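A.B. asks: Sequence and predicted structure below; questions after.
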Amino acid sequence: MSRSSALRYYVFSRLLLAPLMIWTITTLIFLLMRATPGDPIDVLLGPRAPETAKQDLRHTLGLDVPLWLQYLRYMGSLLQLDLGTSIATQGETVWQIIQAHFPATVELTVFSMTIAVLVGVGVGALAASKPNTGYDVGGRLFGIFTYAVPMYWFGMILQLIFSVQLGWFPLGARFPLSLSPPQGFTGLYVVDSLLSADFSALSVSLYYLALPSLTQGVLISGIFERMVRVNLKQTLKSDYVEAARARGIPERQIVVSHALKNALIPVITILGLTFASLLAGVVLTEVTFSWPGLGSRFYDAILKRDYPVVQGIMVFLSVIVAIASILIDILNAYIDPRIRY
């Protein structure tokens, strides 16, 4: 089988498996939400509400029918791309919630990934280019630190230092309540500020974005640091690098122009998946910094037992991760011709 045929077969098989993965996740979330303690009716009406009122609301929301029937109804709605309507707000659809909160999550994720790549590649390249030195040991310690430290703890420590003690950054939120946020069609405050040439709003948006994106970016950077350090060390031992040294090319030029390019191939491979995982896993960051993104809304829906919102957000994020996984596999196959499927 030729390489192009093998790649087409692999992509086709992944496309067939993606719906199975999404269905599995959806089913697990559906069952887990109903297996956890707590009743959304008690959350809405309170535990002391009359039983007749509870039964009427349960019937209105379709929660009085058997579990298998609820599941079939929900899957039928999904096939029509209907993610449902929030139980807590009653009238707000899940698509409206995603449209309102997802831009904040995307903005935080983009800036966090930018910081993660810059810090991770920089620290990893410095550690690998100076083996068996303090830089190398520091790079290893940095990788262990970012892997071991919980995000919520690190975020609270940075808030105590830079927000409470020094007063350099705000404690939370995305934009001050006393000001009107940038108006635009993207919902991304930085982009909308640039498009409207509102540089005052741009500076405020970046100011509120700085600490949460720095917190998440530094912790995620350990992934790229470890990968760059290990791969760059191996690359610097290769024959073509030794040949470049023999020709008298400066070490810094060898590292930047020759070895680092090959060492970055694995980074490109995991970049898209890390970005998609960040979109799906920023709950701790958003809750810690009171960031009004999809993660905070997801956490709030779990507390309120808002079944449709939790399930709808999970389906939405699962689709993003599945698409990103397939695209990265295809891109990686074209970047690195050694890959065979």
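C.D. replies: Right, received. Where do you want to start?
A.B. asks: So residue 311, which state does it fall into?
C.D. replies: helix (DSSP: H, G, I helix; E, B strand; the rest coil).
A.B. asks: and the closest residue to it other than its chain neighbours, what does it touch?
C.D. replies: Spatial nearest neighbour of residue 311, excluding adjacent residues (C-beta to C-beta, 6 or more residues apart in numbering): residue 29 at 5.3 Å. Heads up, the C-betas are built off the backbone N, CA and C, glycines and all. By C-beta atoms under 8 Å, 6 or more residues apart in numbering, the contact set of residue 29 is 310, 311, 314.
A.B. asks: ok, now with 10 Å
C.D. replies: Applying C-beta atoms under 10 Å, 6 or more residues apart in numbering, we find residue 29 in contact with 307, 310, 311, 312, 313, 314, 315, 318.
A.B. asks: now the second one: how far from residue 93?
C.D. replies: Translated: residue 310. Distance of residue 310 to residue 93, given as C-beta to C-beta, to the nearest Å: 14 Å.
A.B. asks: the more surrounded of these two?
C.D. replies: Between residue 310 and residue 93, counting by other C-beta atoms under 10 Å, residue 310 is the more crowded of the two (24 against 17).
A.B. asks: quick one: contacts for that one?
C.D. replies: Neighbour list for residue 310: 29-30, 32-33, 84, 87, 94, 297-302, 304 [criterion: C-beta under 10 Å, 6+ apart].
A.B. asks: Distance-wise, check it relative to residue 33.
C.D. replies: 6 Å.
A.B. asks: Local confidence estimate at residue 118?
C.D. replies: Residue 118 is assigned a predicted lDDT (pLDDT) of 90.
A.B. asks: what's the distance between it and residue 324?
C.D. replies: Distance of residue 118 to residue 324, computed by C-beta to C-beta: 21 Å.
A.B. asks: still on that earlier bit, please produce a markdown table containing the contacts of residue 29, extended by distance to residue 124 and pLDDT.
C.D. replies: Shown next, in a markdown table, are the contacts of residue 29 (distance: C-beta to C-beta, whole Å; pLDDT from 0 to 100):
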| residue | distance to residue 124 | pLDDT |
| --- | --- | --- |
| 307 | 43 | 83 |
| 310 | 37 | 87 |
| 311 | 39 | 86 |
| 312 | 38 | 89 |
| 313 | 34 | 89 |
| 314 | 33 | 86 |
| 315 | 36 | 87 |
| 318 | 31 | 83 |
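A.B. asks: For the buried ones among those, write the corresponding PyMOL selection.
C.D. replies: Buried subset of those, written as a PyMOL selection, criterion 16 or more other C-beta atoms under 10 Å:
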select buried, resi 307+310+311+312+313+314+315+318
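A.B. asks: List just the nearest of the contacts of residue 29 to residue 163.
C.D. replies: residue 313 (28.3 Å; C-beta to C-beta).
A.B. asks: quick one, what contacts the closest one?
C.D. replies: The contact partners of residue 313, taken as C-beta under 10 Å, 6+ apart, are 29, 83, 94, 97-98, 101-102, 280, 294-295, 297-298, 301-302, 306.
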